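Visitor: Sequence plus the predicted model coming up.
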Amino acid sequence: MVYTQLPLTYLPFVSNGEAPEDALRILFLNIMPMKQITEEDFCRSLAFSDISVELLPMKIAGQTYKTTPQEYVDRYYSDFEVYKDGYYDGLILTGAPLESINFEDVRYWEQLKEIMTWAQKHVSSSLYICWGAQAALYHHFGVPKYDLPEKCFGIYPHRVVYNHRLLHNMHPEFMMPNSRHTEVHSSDFPPACQVIAESDETGVGIMVSNEGREVYVVGHLEYEPLTLHNEYMRDLEKGLVIAPPHNYYINNVSDQGVDYVWEGACKQFFCNWLSLCKVMK
């Protein structure tokens with residue numbers, strides 16, 4: 001069960017009641033524009049485990065929002081300063097559509113750096129997703145991001161290259177959604193950062209550092225089946241030149257539906273991450 005102050009009472013795996021004493025306390029720094037959609041993705045993914053989770057929505061003070069009502073964010077999310085004196089079992093930093101911007105030019109970059117540094121001493125394991133993973137790799141190790149000639153967009157096979165506990169019971173080759181315009185190169189990684197899953201088509205997929213206290217995932221195992229379809233439709237409506245998501249539609253035809261081939265990997269990965277958070281408390 002996931003316990004949170006977010007208004008997700010219509011979902012069977014979310015409770016707005018009081019979390020049990022042994023629930024893992026997971027901070028949720030959601031910097032995606034459509035916050036409710038991302039909330040659902042992560043609540044569903046965390047609920048695959050039998051470990052109880054108290055999900056604590058966190059925001060960066062002073063930021064305003066265009067695609068999610070400001071009153072919604074102010075009501076359900078608390079500023080980092082509310083949490084900074086405490087210690088937590090996990091932190092999730094989502095992706096964000098900021099890839100075309102230099103990290104230093106992101107308006108809240110200094111605040112984000114403070115949170116990522118703080119997390120190394122106050123959080124058992126931090127999970128950084130997509131742009132969030134690139135931002136954390138840059139902050140912790142100076143790893144740059146590189147522009148791609150075209151958007152990495154679709155479902156891609158990844159293989160396990162190191163038998164880390166985060167990949168326990170996962171298939172040696174699993175599928176993971178990607179949706180990004182930039183990439184990182186393993187050749188830029190220091191010895192402290194270890195690649196544990198990678199793809200022949202899209203490069204590094206999952207990395208860890210500090211014995212799993214930092215986890216970096218450049219894809220989106222948390223996506224529900226139609227997320228890429230909705231993104232594709234939005235891009236077409238904007239008049240953008242974009243190919244259909246790779247390996248996604250049944251028979252490569254958009255109106256024939258999609259195959260949720262990454263569901264098993266999603267379930268197992270998030271179960272493994274919560275188990276890691278619990279062990280590292």
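Guide: Cool, the structure landed.
Visitor: who does the helix or strand bottoming out on mean pLDDT in the chain pair up with?
Guide: Lowest mean confidence among the helices and strands of the chain (mean pLDDT, DSSP states H and E): strand 14-15, at a mean of 88. Strand pairing for strand 14-15, determined by DSSP bridges: strand 2-4 (parallel).
Visitor: Pull out the buried residues from the partner strand.
Guide: 2-4 (16 or more other C-beta atoms under 10 Å). The way it works is simple: take the backbone N, C-alpha and C, and place the C-beta from them, glycine included.
Visitor: how about Gln5, what does it touch?
Guide: Contacts for Gln5 (C-beta atoms under 8 Å, 6 or more residues apart in numbering) come out as 16, 56-57, 76.
Visitor: Ok, Asp188 next?
Guide: So Asp188 contacts 141, 143-144 (C-beta under 8 Å, 6+ apart).
Visitor: 6 Å - rerun?
Guide: Val143 (C-beta atoms under 6 Å, 6 or more residues apart in numbering).
Visitor: counting contacts, what elements does the longest strand along the chain pack onto?
Guide: For the chain, the strand that runs over the most residues, judged by DSSP state E, is strand 146-160. Judged by 3 or more C-beta pairs under 6 Å, 6 or more residues apart in numbering; DSSP states H and E, strand 146-160 is in contact with strand 173-183, strand 193-199.
Visitor: In CSV: these, plus distance to Pro245.
Guide: Formatted as CSV, the helices and strands packed on strand 146-160 follow (distance: least, C-beta to C-beta, whole Å):
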stretch, distance to Pro245
strand 173-183, 8
strand 193-199, 15
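Visitor: The residue of the chain positioned farthest from its centre: what's it in contact with?
Guide: Within the chain, the residue lying farthest from the chain centre (C-alpha atoms, centre = their mean) is Asn251, at 28.4 Å. Applying C-beta under 6 Å, 6+ apart to Asn251 gives no contacts.
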